[in-house]
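**Student:** build me a model from this:
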Amino acid sequence: MHSVLVYHTISEPVEPLPGDIDIPRRRFLRQVQWLARWRRVARLEDTLSNSGKSLTAITFDDGFRDNLTVALPLLEKFNLPMTLFVSAAFVGREGYLSPHELREIARHPLVTIGAHGLWHRHFTQLSTQDARAELLASRSLLQTITAQSIDFMAWPFGECNEELEALSRECGYRAAWSVWKGSNDTYSRWRVPLGRRDNLIRFIAKVSGAYALTKAKWHRTRTPGETPVTTAPELQPQSNHLY
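**Tutor:** Now for the predicted structure:
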């Protein structure tokens, strides 16, 4: 079973960020060291294959600047690849990658750039027309900035459904990732989120896959509307986010 990990920001803000998305550098380093020793870390694209080999892929959501300045140098030390899913409209905002920095990280041989919506909105709450516009605009903007093809995407909040899966295919994406939502097929591959509360023991449990099976069942069977919503202060109101 492949494990696709979701990170956001490797930082220690004075006030912890909503959704537990900030992870201190020293904790991330321990996790990376463990992965390098005990797991076969591959490019995200490789996890689309059912080759029988258990792979781990590292992904980051949103496009925080520290993905370039903190996370990437640590991954370089161990030659571990990463995929960075960027919320396209956040490029250039305080705390996020600038257009120049996005072009820089996109050129790195260990990095793949993917889309994460335009404004990090709940796609399941959008009309089909608005969802299509977000899917197309985010891909187009990122391709313009990076001068690369953007083939992959991750659903903001990890949320999608069958209609959105089909829509992402129609909009030209090769694959998409959620967080325990959707069919767990090509356009809703499941991922495991990581945050500041994940010590090494909890991290190992998540990477092993047992944790994911338990959480996936809980997420898919709980009553609609139970998802906690938090707001990152620097984002516009529609950008409340956990993933």
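**Student:** mind listing the helices in this protein by residue range?
**Tutor:** 25-38, 66, 72-78, 99-106, 128-146, 162-170, 200-208, 210-221 (DSSP state H).
**Student:** ok, what's across the strand from the spatially most central residue of the chain?
**Tutor:** Central residue of the chain (C-alpha atoms, centre = their mean): residue 61, 3.5 Å from the mean position. Here residue 61 shows beta-bridge partners residue 85, assigned using DSSP bridges.
**Student:** hmm, residue 5 and it touching each other?
**Tutor:** No: in this structure residue 61 lies outside contact range of residue 5 using C-beta atoms under 8 Å: 10.8 Å. C-beta coordinates here come from the backbone N, C-alpha and C atoms, glycine included.
**Student:** residue 115 is nearest to which of the helices of the chain?
**Tutor:** helix 128-146 (4.4 Å; C-beta to C-beta).
**Student:** what stretches of the chain score poorly on pLDDT?
**Tutor:** 210-243 (pLDDT under 70).
**Student:** if you set the cut-off to 90 instead, what comes out?
**Tutor:** 1, 14-16, 18-19, 49-53, 180, 208-243 (pLDDT under 90).
**Student:** coming back round to it: which one of the helices of the chain has the most crowded surroundings?
**Tutor:** Counting by mean count of other C-beta atoms under 10 Å, helix 66 has the highest mean neighbour count of the helices of the chain, with a mean of 20.
**Student:** what's in contact with it?
**Tutor:** Helix 66 has contacts (C-beta atoms under 8 Å, 6 or more residues apart in numbering) with 9, 10, 11.
**Student:** which one of those residues is nearest to residue 17?
**Tutor:** Closest to residue 17, out of all of these and judged by C-beta to C-beta, is residue 9, at 6.9 Å.
**Student:** near the closest one, how many other residues are there?
**Tutor:** 26 (other C-beta atoms under 10 Å).
**Student:** picking up where we left off before, so can I have CSV of the helices of the chain showing distance to residue 52?
**Tutor:** Shown next, in CSV, are the helices of the chain (distance: least, C-beta to C-beta, whole Å):
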stretch, distance to residue 52
helix 25-38, 18
helix 66, 35
helix 72-78, 24
helix 99-106, 31
helix 128-146, 32
helix 162-170, 25
helix 200-208, 17
helix 210-221, 18
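**Student:** nearest approach to residue 114 belongs to which of the ones you listed?
**Tutor:** helix 128-146 (8.2 Å).
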